[in-house]
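**Student:** Need a 3D model of the sequence below.
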Amino acid sequence: MLLKKEVLRFWRVALQTIAAPVLTSVLYLMIFGHVLSERVQVYPGVTYVAFLVPGLVMMSVLQNAFANSASSLVQSKIMGNLVFTLLTPLSAWHWFVAYVGAAVLRGLLVGVGVYVVTLLYAPPQAAAPLWVAVFALLGAGMMAVLGLLAGLWADKFDQMAVFQNFIIMPATFLAGVFYSIHSLPAVWQTLSHLNPFFYMIDGFRYGFFGVSDVSPWLSLAVAGGSLLAVTGLTLRLLHTGYKLRY
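**Tutor:** Model (predicted):
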């Protein structure tokens, strides 16, 4: 029931939670694609517009999965209705599945929406569809858990905004959405390899073109390990009632 409530929460305002992020990503594609399409070719035989599509899809998945779980928990804290959920016999796992599950669903819906619209600008490509599905789920799950973690920590919206604006958004924008890291100076390439979001986007892009900046198996290991780490921490905090039971 908690999962259903969380899904209905974003679905009832789908124009804001799904349609608006799709429009934003399409605007990125139109602007960057128009300006750079004739000047940049990252992979042989792949146009810059086609190269942009997987990055924009994954960026949309990541940002919206995070926003859903984080905003839902913080909103419940501020409105004071969290106490009604605390009175139920729900375990930490129940909370985790409900908040993360709804956030993953929203992220994937936005990602599918972005991909469908971008078919108007670039032909469909899927060299390894299984990798596409794996990294989409890993990325959405990772960000949904991070959103839940941010929601547990934050007591008001401006605290959540700090987490989103100074950590999540820069990390996603600097993860190779609009470029290949091989085009960067050596120092920035090294810093990019320390960014776990880079591996999610690069592995996801591999599923489309069959080429990537690093091995998809390395990306899988980093993304999977990061997901397990934040899952363990979040479950521990949920179990102890961190900032939930005062």
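
**Student:** neighbours of the closest residue to Leu149 other than its chain neighbours, just the number please.
**Tutor:** Once flanking residues are discounted, Leu149 sits nearest to Thr234: 4.9 Å by Cβ to Cβ, 6 or more residues apart in numbering. C-beta: built from backbone N, CA, C; applies to glycine. Number of residues near Thr234 (other Cβ atoms under 10 Å) recorded here: 26.

**Student:** For Asn68, see how far away the residue nearest the centre of the chain is.
**Tutor:** Central residue of the chain (Cα atoms, centre = their mean): Leu62, 0.8 Å from the mean position. Taking Cβ to Cβ, to the nearest Å as the measure, Leu62 falls 11 Å from Asn68.

**Student:** re the thing from before, before we move on, which element is the residue nearest to the centre of the chain in?
**Tutor:** Here Leu62, judged by DSSP states H and E, is contained in helix 48-79.

**Student:** which neighbours do Leu62 and Asn68 share?
**Tutor:** Gly107 (Cβ atoms under 8 Å, 6 or more residues apart in numbering).

**Student:** pLDDT below threshold where in this structure?
**Tutor:** Scanning the chain for pLDDT under 70 picks out 36-41, 246.

**Student:** show me the contacts for Ile78.
**Tutor:** Contacts of Ile78 (Cβ under 8 Å, 6+ apart): Lys156, Phe157.

**Student:** For the chain, just list every one of the helices.
**Tutor:** For the chain, the helices defined by DSSP state H occupy 2-11, 14, 20-36, 48-79, 82-86, 92-118, 129-153, 157-163, 169-173, 186-193, 196-209, 216-240.

**Student:** Any idea which of those helices gets closest to Val42?
**Tutor:** Val42 sits nearest to helix 48-79 of all the helices of the chain, at 4.9 Å, using Cβ to Cβ.

**Student:** quick one, phi/psi of Lys243?
**Tutor:** Per-residue torsions, Lys243: phi 60, psi 20 (degrees, to the nearest 10).

**Student:** number of nearby residues for it?
**Tutor:** 14.

**Student:** hang on, the earlier thing: the residue nearest to the centre of the chain contacts Leu108, correct?
**Tutor:** No: Leu62 is beyond contact range of Leu108, at 11.1 Å (criterion: Cβ atoms under 8 Å).

**Student:** which residues are in contact with both of those two?
**Tutor:** What both Leu62 and Leu108 touch, as defined by Cβ under 8 Å, 6+ apart, is the set Ala140.

**Student:** ok, now how distant is Ile31 from Tyr206?
**Tutor:** Separation of Ile31 from Tyr206 (Cβ to Cβ) stands at 25 Å.

**Student:** Among the two, which residue is more densely surrounded?
**Tutor:** Tyr206 (24 against 10).

**Student:** And for the more buried one, nearest residue in space, chain neighbours not counted?
**Tutor:** Ser212 (3.8 Å).

**Student:** how about the one you found, what does it touch?
**Tutor:** Asp202, Gly203, Arg205, Tyr206, Ser219.

**Student:** Need phi/psi at it.
**Tutor:** According to degrees, to the nearest 10, Ser212 has phi -160, psi 170.

**Student:** Now do it against Gly55, distance only.
**Tutor:** 12 Å.

**Student:** Now the common contact residues for the two.
**Tutor:** Counting by Cβ under 8 Å, 6+ apart, the residues touching both Ser212 and Gly55 are Arg205.

**Student:** would a markdown table of the contacts of Ser212 with distance to Val134 be doable?
**Tutor:** As requested, those are exported to a markdown table (distance: Cβ to Cβ, whole Å):
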| residue | distance to Val134 |
| --- | --- |
| Asp202 | 13 |
| Gly203 | 8 |
| Arg205 | 13 |
| Tyr206 | 10 |
| Ser219 | 10 |
